[in-house]
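A structural model of the following input is requested.
(2 chains)
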Amino acid sequence: EPEVTQTPSHQVTQMGQEVILRCVPISNHLYFYWYRQILGQKVEFLVSFYNNEISEKSEIFDDQFSVERPDGSNFTLKIRSTKLEDSAMYFCASSDPPPSQETQYFGPGTRLLVL
Amino acid sequence: GDSVTQMEGPVTLSEEAFLTINCTYTATGYPSLFWYVQYPGEGLQLLLKATKADDKGSNKGFEATYRKETTSFHLEKGSVQVSDSAVYFCALSLYSSASKIIFGSGTRLSIRP
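Modelled structure (predicted):
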């Protein structure tokens, strides 16, 4: 069964450093998303992406964050200058093509720890 | 704004007990509703979904019915197993292109042998 994959599974970085989290969505999906889950808290939406541009972003997704689909398979989340409060599990998701685009499938996550 | 409220955990049950996890929602329009499950150390897995009123989603013995009149989507299972121990998230998505999913706070379920 096709699945969303993410790399790395864990990342430790120093405050102020840049990190890039990588995702490979399901191959025929057209809509892509990033979410995060701070330890013990609910899953929060960061950004959605369609047709090579951001469709929607939350207030969390400030200028420190960016997303990119550099080729036909990868979808990346970049944090330019990490802060301690960026420590979280980051989930990538992709959704079915229309008419079922409301159903999102999540990757296993990347646990980011900022020291 | 749009939101999901689910019963707080943790919920601890004995094996073969009946499970209900309550979930209610607030949304403009007509959302699709989901239950996601997160097993220890793993990511989010779609458990079941319902896209319109009175639809029943089901999977692995779990069921939930989309109740528009009570804005609810309660998760039920008739006989739980130890392997069902996980965190369960109720969620909604407004039916539109590239629409975000809004999650509830999650309910931790522990099943005793």
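
what residues does chain A put near chain B?
Chain A has residues A:31, A:33, A:35, A:41-45, A:48-50, A:55-56, A:58, A:91, A:93, A:95, A:98, A:101-109 near chain B, with proximity defined as Cβ under 8 Å from any Cβ of the partner chain. Quick note: C-beta positions are derived from backbone N, CA and C, even for glycine.

which among these end up buried?
Buried subset of those (neighbour count, 16 or more other Cβ atoms under 10 Å in any protein chain shown): A:31, A:33, A:35, A:42-45, A:48-50, A:55-56, A:58, A:91, A:93, A:95, A:101-102, A:104-109.

can you point out the buried residues in stretch B:24-41?
Residues B:24-25, B:27, B:31-38 are the ones in stretch B:24-41 that count as buried (16+ other Cβ under 10 Å).

widest-spaced pair of those?
Across the buried residues of stretch B:24-41, the two members that end up farthest from each other (Cβ to Cβ) are B:Ala27 and B:Gln38, 22.6 Å apart.

so what's residue 6 up against?
If you meant another chain, say so; for now it's chain A. The neighbours of A:Gln6, taking Cβ atoms under 8 Å, 6 or more residues apart in numbering or on different chains as the test, are A:21-24, A:90-92, A:107-110.

not quite, go with chain B.
B:Gln6 makes contact with B:21-24, B:88-90, B:104-107, according to Cβ under 8 Å, 6+ apart.

and if we set it to 6 Å?
The neighbours of B:Gln6, taking Cβ atoms under 6 Å, 6 or more residues apart in numbering or on different chains as the test, are B:23, B:90, B:104, B:107.

and what of A:Tyr90?
A:Tyr90 makes contact with A:21, A:36, A:110, A:112 under the criterion Cβ under 6 Å, 6+ apart.

the helix or strand harbouring it pairs with which strands?
Following DSSP states H and E, one finds A:Tyr90 within strand A:88-95. Partner strands for strand A:88-95, per DSSP bridges, with pairing direction: strand A:31-37 (antiparallel), strand A:104-106 (antiparallel), strand A:110-114 (antiparallel).

from the middle of its chain, how far away would it be?
Centre-to-centre, strand A:88-95 and its host chain are 5 Å apart (Cα atoms, centre = their mean, to the nearest Å).

hmm, back to that, could you identify which of the strands paired with strand A:88-95 has the lowest mean pLDDT?
Out of the strands paired with strand A:88-95, the stretch the model trusts least by mean pLDDT is strand A:104-106, with a mean of 91.

next one: the residue of chain A most remote from its centre, what pLDDT does it get?
When distances are taken from the C-alpha mean of chain A, A:Pro99 lies farthest, 23.0 Å away, according to Cα atoms, centre = their mean. The pLDDT attached to A:Pro99 in the predicted structure is 71.

pull out the buried positions in stretch B:40-47.
B:43-47.

need those in TSV (columns: secondary structure and pLDDT).
TSV is the format used below for these (DSSP: H, G, I helix; E, B strand; the rest coil; pLDDT from 0 to 100):
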residue	secondary structure	pLDDT
B:Gly43	coil	84
B:Leu44	strand	90
B:Gln45	strand	92
B:Leu46	strand	92
B:Leu47	strand	96
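
need these in TSV with distance to chain A, can you?
As requested, these are exported to TSV (distance: Cβ to the nearest Cβ, whole Å):
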residue	distance to chain A
B:Gly43	4
B:Leu44	4
B:Gln45	7
B:Leu46	6
B:Leu47	12
